[in-house]
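1. Need a 3D model of the following:
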Amino acid sequence: QVQLVESGGGLVQAGGSLSLSCSASEATFSRVTVGWFRQAPGKEREFVAAISWSAGIEYADSVKGRFTISRDNAKMTATLQMNSLKPEDTAVYYCAARDRRLGISRYRYDYKYWGQGTQVTVSS
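-> Numbering: from 1, shown residues only. Just a heads-up that it's a prediction; the model follows:
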C-alpha cells in the first residue's frame, strides 16, 4: 500500500510560481510511476504530468514549458514546479501512483493510489 500526501498549494497571482510536493509513506515509491492530475470546479479530473521510475516524463500540452515534474526516490518525494501560473490553472491538484511496470498513463483510472489533493488558486 502506498499512501500519498500532497503539500504546497495556496493562492498566487497570475504569473507567479508554486511548488507542490507529493510524499510517500513507503520505500515502494521508487517502484511506482507518479502522476499529477487536477480538477477544477465542474470539470473532469485531468492529467497534468507524470514521471516514471526511470525519470521518463510526459506533460499535458496546457502546462508544457511552464511546469516541471521531478522525483527523489531516496526522499520518497515527487515535486511539481509550476511557473507562469494562469487563472485557468486554478484547481485541486492530486498526486497519484501506479506500478512502474505499467509505465506512464494520462488516464486517471490507471492510477491505483491517490493523495487527498491540495488547492491551487491563481488570481488574475
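2. Tally up the residues packed near residue 59, please.
-> The criterion is other CB atoms under 10 Å. On that basis, residue 59 has 19 neighbouring residues. From N, CA and C alone the C-beta is placed, and that goes for glycine too.
3. And the pLDDT at it?
-> pLDDT for residue 59: 98.
4. Quick check: closest non-adjacent residue to it.
-> residue 49 (4.8 Å; CB to CB, 6 or more residues apart in numbering).
5. which other helices and strands contact the helix or strand where the one you found lies?
-> According to DSSP states H and E, residue 49 maps onto strand 46-51. The contact analysis (3 or more CB pairs under 8 Å, 6 or more residues apart in numbering; DSSP states H and E) places strand 46-51 against strand 32-39, strand 57-59, strand 67-72, strand 77-82.
6. Neighbouring strands of the shortest one in the sheet, and parallel or not?
-> Strands adjacent to strand 57-59 in the sheet, as given by DSSP bridges, are strand 46-51 (antiparallel).
7. now the last one
-> Each strand that pairs with strand 77-82, with its direction, by DSSP bridges: strand 18-24 (antiparallel), strand 67-72 (antiparallel).
8. what does the first one give?
-> Partner strands for strand 32-39, per DSSP bridges, with pairing direction: strand 46-51 (antiparallel), strand 91-99 (antiparallel).
9. what's next to it, contact-wise?
-> For strand 32-39, contacts defined as CB atoms under 8 Å, 6 or more residues apart in numbering pick out 2, 20, 22, 24, 45-53, 69, 71, 78, 80, 89, 91-100, 102-105, 108, 111, 113, 117, 120.
10. before we move on, what about the last one?
-> Strand 77-82 is contacted from outside by 17-24, 29, 34, 36, 48-49, 51, 63, 66-72, 89, 93, 95, 120, using CB under 8 Å, 6+ apart.
11. Separate out the buried members of the contacts of strand 32-39.
-> Buried subset of the contacts of strand 32-39 (neighbour count, 16 or more other CB atoms under 10 Å): 2, 20, 22, 24, 45, 47-53, 69, 71, 78, 80, 89, 91-100, 104-105, 108, 111, 113, 117, 120.
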